[in-house]
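**Q** predicted model and sequence below, questions to follow.
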Amino acid sequence: MGPAAPYTNRPDYAAAQKAALDLADLLTPQSGAYYDVWLDGEKFMSAYKEDPAVTEARAFNGFGTNFENSPEPIYGAQFLPRKFKIATTVPGDNSVDLFTQDLGVVVIMDETGQQVKGYNLYVGGGQGRSHRDADTFPRLADPLGFVAKDDLLHAAKAVVCVQRDYGRRDNRKQARTRHLLAEWGIDKFRSVAEQYFGKTFQSAAPLPAWQYKDYLGWGEQGDGKLFYGVYVQNGRIKGEAKKALRAVIEKFNLPVVLTPHQNLILRDVEPAAKEEVTALLRAGGVKELVEWDGLDRLSMACPALPLCGLAVTEAERALPDVNVRIRAMLMRAGLPASQPLHVRMTGCPNGCVRPYVAELALVGDGPNSYQLWLGGGPAQTRLAQTYAERVKVKDLEATLEPLFAAWAAHRQPGEAFGDWAARQGFDTVRQQAAAAAAAAARQAPPAAAAAAAASGAK
Ligand code: HEM
Ligand code: SF4
């Protein structure tokens, strides 16, 4: 995955997108079976040519990475123990959730800002876990180091080969790079990877703080044309909105970019067509960004029921209503109507919307029941922790309302919910939430106070 940034005048973004394509080419199975099954294999293969540098890097076997004479020089007959996710980005833009990836790549430009100098690499991030199995856990990627411009493909190959040769194959729940990193630590992983790489990794280049970016709404691409980032709630487009999008895309022949937050970016819109594009989409019921609550814009849910066979409860269909309730709670806590909060919701612990880096995650643990995870950051750079389990969705207010009240009362100016929870630690958070619940019960009318007492609130 590369950043969905639709800019034409940003060599750094262009380099990140090119790196993503090259890495995908490098590591794509060579048999072509995928294309034969899922695409018109013959057409795809003849239309698409990878960069010759990729072909060369794949074939290079100076440090014992390859299976000689195998149709799959990197994978041999075994492939990898499990899925392997890669994202590329530029400094400061964490739209790809870099730290949740098996391999994260950050493009570092030279002093002129025009040429790539090299790449910072991060390894061993991941999300999926199982309930009641402590050996499965989400993990943030560790910094592996910096590599020079021409070394990216060789370094990525080295990382993949370490996982290929040392990743566990006996237990699929522990078969991701994060499990290897957890077992070895980054120093051992780095030194083994260096043997396949044939060089040492340099210290990672210093980076500015990360931000959440989504490129929604109208913006300038940098070549006189516009882009329009369309918010798609939980990635689901249907009915008239789908027809309107299709009509606009076909009429103006617009390239479309899918974003890691399940949104769409329409590119190459002529400024003269802006009004018509907006009007056509509106007529189809595609709401403009200003009409969405900021919570919706920042939140994500996975497909879950009825689409996913692993779901134990709702996510995509439930989150819109949950967000309405969360906004009401935030308002009652006296927080501003524009207060941002990153909420993610899944129907099981596999982590498809990367919930374990959200500020507040609802992770399905039974029918209409969720674990609550708190403490991820507003730029998804920190892991959340389990705060509560088996919270029934109908009872969310009982847990969340005192939490939001405590946050409003005890946060530093402008402090995000996840930052507040992580800074204080859960013991303090629980005490403050209990105090907020008790204060609310004292102020409640007698009937509500009696109900609160009956439900165990102190
Ligand atoms: C609808 C059926 C789906 C099924 C059955 C499914 C299955 C899974 C499973 C089993 C895992 C855990 C992998 C592991 O721990 O190694 C996982 C993780 C994940 N899935 Fe899905 N998924 C589905 C849909 C999606 C969709 C639609 C997306 C993206 C839009 C997605 C993105 C992810 C991501 C980002 C992770 C976390 C990867 C990690 O563990 O690091 N999944 N999924
Ligand atoms: S997180 Fe959601 S989409 Fe992913 S496996 Fe679980 S229920 Fe399915």
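**A** Ah, there it is. Ligands and ions are numbered 1, 2, ... in the order given.
**Q** could you use CA atoms for every contact and neighbour count after this?
**A** Will do.
**Q** what about the nearest residue to Arg382 once chain neighbours are set aside, distance to Tyr122?
**A** The shortest distance from Arg382 to any non-neighbouring residue, by CA to CA, 6 or more residues apart in numbering, is to Gly376 (4.9 Å). Note on Gly376: its distance to Tyr122, by CA to CA, to the nearest Å, is 19 Å.
**Q** ok, Tyr228 next?
**A** According to CA to CA, Tyr228 stands 31 Å off from Tyr122.
**Q** who's more crowded, the two?
**A** Set side by side, Tyr228 and Tyr122 show more neighbours around Tyr122, with 26 against 23, by other CA atoms under 10 Å.
**Q** quickly list what the more buried one is bridged to.
**A** On the basis of DSSP bridges, Tyr122 is bridged to Gly104, Pro143.
**Q** do Arg344 as well
**A** Assigned bridge partners for Arg344, using DSSP bridges, are Met300, Ala361.
**Q** that one contacts Ala301, correct?
**A** Yes - using CA atoms under 8 Å, Arg344 is in contact with Ala301, at 5.7 Å.
**Q** what's the overlap in contacts for those two?
**A** Contact criterion CA atoms under 8 Å, 6 or more residues apart in numbering; residues shared by Arg344 and Ala301: Val353.
**Q** mind listing what the residue nearest to the spatial centre of the chain touches?
**A** Among the residues of the chain, the one closest to the centroid is Asp97, at 4.0 Å (CA atoms, centre = their mean). Listed by CA under 8 Å, 6+ apart, the contact partners of Asp97 are 87, 380-381.
**Q** quick one: it and Asn368, what's the gap?
**A** Distance, Asp97 to Asn368, by CA to CA: 27 Å.
**Q** and what of Trp420?
**A** The value you get for Trp420 to Asn368, if CA to CA is used, is 28 Å.
**Q** ok, Ala435 - how many residues close by?
**A** Ala435 has 17 nearby residues by other CA under 10 Å.
**Q** averaged pLDDT, the one helix or strand it maps to. What do you get?
**A** Using DSSP states H and E, Ala435 sits within helix 426-443. Taken as a whole, helix 426-443 has a mean pLDDT of 96.
**Q** helices or strands up against that helix?
**A** Packing partners of helix 426-443 (3 or more CA pairs under 8 Å, 6 or more residues apart in numbering; DSSP states H and E): helix 396-410, helix 446-454.
**Q** what's the angle from it to helix 396-410?
**A** Helix 426-443 and helix 396-410 are oriented at 100 degrees to each other (axes from the mean of the first three to the mean of the last three CA atoms, to 10 degrees).
**Q** who touches the closest residue to Arg164 other than its chain neighbours in this structure?
**A** Once flanking residues are discounted, Arg164 sits nearest to Leu80: 5.0 Å by CA to CA, 6+ apart. Shown in contact with Leu80 (CA under 8 Å, 6+ apart): 163-164, 167.
**Q** so where's the stretch 1-150 of the chain uncertain?
**A** Along the stretch 1-150 of the chain, the parts satisfying pLDDT under 70 run over 41-47.
**Q** can you pull the contacts of the closest residue to ligand 2 within it?
**A** When scored by CA to the nearest ligand atom, the stretch 1-150 of the chain has Gly128 as its residue closest to ligand 2, at 8.0 Å. Neighbour list for Gly128: 136-138, 349-352 [criterion: CA under 8 Å, 6+ apart].
**Q** list phi and psi for it.
**A** Reported as degrees, to the nearest 10, the phi and psi values for Gly128 are phi -50, psi 140.
**Q** before we move on, the earlier item: Throw the contacts of Asp97 into a markdown table and include distance to ligand 1 and secondary structure, thanks.
**A** A markdown table is the format used below for these (distance: CA to the nearest ligand atom, whole Å; DSSP: H, G, I helix; E, B strand; the rest coil):
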| residue | distance to ligand 1 | secondary structure |
| --- | --- | --- |
| Ala87 | 11 | strand |
| Gln380 | 13 | coil |
| Thr381 | 14 | coil |
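**Q** out of the residues you listed, who has the most neighbours?
**A** Greatest neighbour count in the contacts of Asp97, by other CA under 10 Å, goes to Gln380: 28 neighbours.
**Q** distance of it relative to Trp210?
**A** For Gln380 relative to Trp210 (CA to CA), the value is 8 Å.
**Q** shared neighbours, those two?
**A** Residues touching both Gln380 and Trp210 (CA under 8 Å, 6+ apart) are Asn94.
**Q** so can I have a markdown table of the contacts of Leu80 showing neighbour count?
**A** As requested, the contacts of Leu80 are exported to a markdown table (neighbours: other CA atoms under 10 Å):
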| residue | neighbour count |
| --- | --- |
| Gln163 | 26 |
| Arg164 | 23 |
| Gly167 | 23 |
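**Q** of those, which is the nearest to Glu276?
**A** Gln163 (50.4 Å; CA to CA).
**Q** no more questions from me, cheers.
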